[in-house]
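A.B. asks: pasting the structure only:
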């Protein structure tokens, strides 16, 4: 079984590819290695995969938003399924550079849909986001909830991806699963995320930026739990049976929340980080940022019922794991 993983040099992509290959599966990884954050971290992730898995792993640098280039690098490769995790990430950056999101998240998603259609793959699993819920004030967020009012362009592109996937599932019966990720963290995480930013600043003795004066909640989800959910979804494509599925589709297309199902107060996270770092944080209380939401909270009823997904890692366990890795990686 050869699986195409896009965004393989990214945080979630690296961990998913690693888990697949530990199970003996062959992975072709695609990533454009852009400089949204330090390329060195992406290179180190790829080097880690190559060192551990050798011949099971093929890395092909490519921008999957370039359709011609994508077809060229995959020519001659047999692909059974696709896990499409590549995207231009970040809520706040979408305000600064909207064109990057249109190109990667919209054009790139269509390219993956076309690839899945023409290759007649067994299953296309793709990354959506909890951001699609926008300013919804009904908690927890359920896949049955309407998600028509995004508060960032990033969120709008992810909702658009879900709609395009529904169209391809309807027209071409391409089996697909969309996963709405909720605040993923853990070793090899992204430097633009709060976990990395806070850890770096606490250890350095610098003030940490705390938006909305700390009155925020996030459903922090540890990477190992996320990976278990991604692989469970991958291994269970939705049937083309006309029955209504998670997210409401009657085509072979399901949408799941994938989170910890336990929102944490931002100030509680900071306390756990302080304990893991062995150092008190200097807190800089700031107003709400454009594009942010006050709270995220995943209702995981659907993915639990269909796939047996059960997150097991509280922040009291996951945060020290991240801090320990961060210190090793940065020699901090």
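C.D. replies: Received it, and whenever you're ready, just let me know what you need. Source: prediction; values computed, not measured.
A.B. asks: buried residues in the longest helix anywhere in the chain?
C.D. replies: Longest helix in the chain by number of residues (criterion: DSSP state H): helix 153-172. Buried positions in helix 153-172, judged by neighbour count with 16 or more other C-beta atoms under 10 Å: 153-162, 164-166, 168-169. All C-beta spots, glycine's among them, are computed from the backbone N, C-alpha and C.
A.B. asks: which residues in the chain form helices?
C.D. replies: Under DSSP H, the chain gives helices at 11-22, 39-53, 67-74, 93-96, 98-101, 108-119, 153-172, 194-204, 223-234, 266-277, 301-307, 315-330.
A.B. asks: now the fifth one, how far from the chain's geometric center?
C.D. replies: What that stands for is helix 98-101. Mean C-alpha position of helix 98-101 versus that of the full chain (C-alpha atoms, centre = their mean, to the nearest Å) differs by 18 Å.
A.B. asks: show residues contacting that helix.
C.D. replies: Contacts to helix 98-101, defined as C-beta atoms under 8 Å, 6 or more residues apart in numbering, come from residues 36, 88, 93-94, 153-154, 157.
A.B. asks: before we move on, back to that, between the longest helix of the chain and helix 108-119, how big is the angle?
C.D. replies: 20 degrees (axes from the mean of the first three to the mean of the last three C-alpha atoms, to 10 degrees).
A.B. asks: who are the packing partners of helix 153-172?
C.D. replies: On a contact count with 3 or more C-beta pairs under 8 Å, 6 or more residues apart in numbering; DSSP states H and E, helix 153-172 meets helix 93-96, helix 98-101, helix 108-119, strand 124-129, strand 176-181, strand 253-258.
A.B. asks: now do the first one: which elements does it pack against?
C.D. replies: Read it as helix 93-96. helix 153-172.
A.B. asks: hmm, back to that, what average pLDDT does the longest helix of the chain get?
C.D. replies: For helix 153-172, the mean pLDDT works out to 96.
A.B. asks: that one versus strand 253-258: what angle between them?
C.D. replies: Using the same axes, to 10 degrees: helix 153-172 against strand 253-258 is 150 degrees.
A.B. asks: from residue 242, how far off is residue 172?
C.D. replies: Counting by C-beta to C-beta, to the nearest Å, the separation of residue 172 from residue 242 is 16 Å.
A.B. asks: how about residue 197?
C.D. replies: To residue 242, residue 197 is 47 Å away according to C-beta to C-beta.
A.B. asks: could you do residue 84 as well?
C.D. replies: For residue 84, the distance to residue 242 - C-beta to C-beta - is 25 Å.
A.B. asks: then residue 106?
C.D. replies: 29 Å.
A.B. asks: any low-confidence regions in the stretch 101-250 of the chain?
C.D. replies: Under the criterion pLDDT under 70, no range of the stretch 101-250 of the chain is flagged.
A.B. asks: just grab the bridge partners of residue 282 for me.
C.D. replies: residue 207 (DSSP bridges).
A.B. asks: list the residues that contact it.
C.D. replies: 201, 205-208.
A.B. asks: closest one of those to residue 189?
C.D. replies: For those, the residue nearest residue 189 by C-beta to C-beta is residue 201; the value is 14.9 Å.
A.B. asks: show me the contacts for that closest one.
C.D. replies: Residue 201 sits next to 207-208, 281-282 when contact means C-beta under 8 Å, 6+ apart.
A.B. asks: the same query, at a cut-off of 6 Å, please.
C.D. replies: residue 208 (C-beta atoms under 6 Å, 6 or more residues apart in numbering).
A.B. asks: with the one 10 residues further on instead?
C.D. replies: Under the criterion of C-beta under 6 Å, 6+ apart, the neighbours of residue 211 are 286, 288-289.
A.B. asks: distance of the nearest residue to residue 309 once chain neighbours are set aside relative to residue 236?
C.D. replies: Once flanking residues are discounted, residue 309 sits nearest to residue 303: 4.3 Å by C-beta to C-beta, 6 or more residues apart in numbering. Distance of residue 303 to residue 236, computed by C-beta to C-beta: 10 Å.
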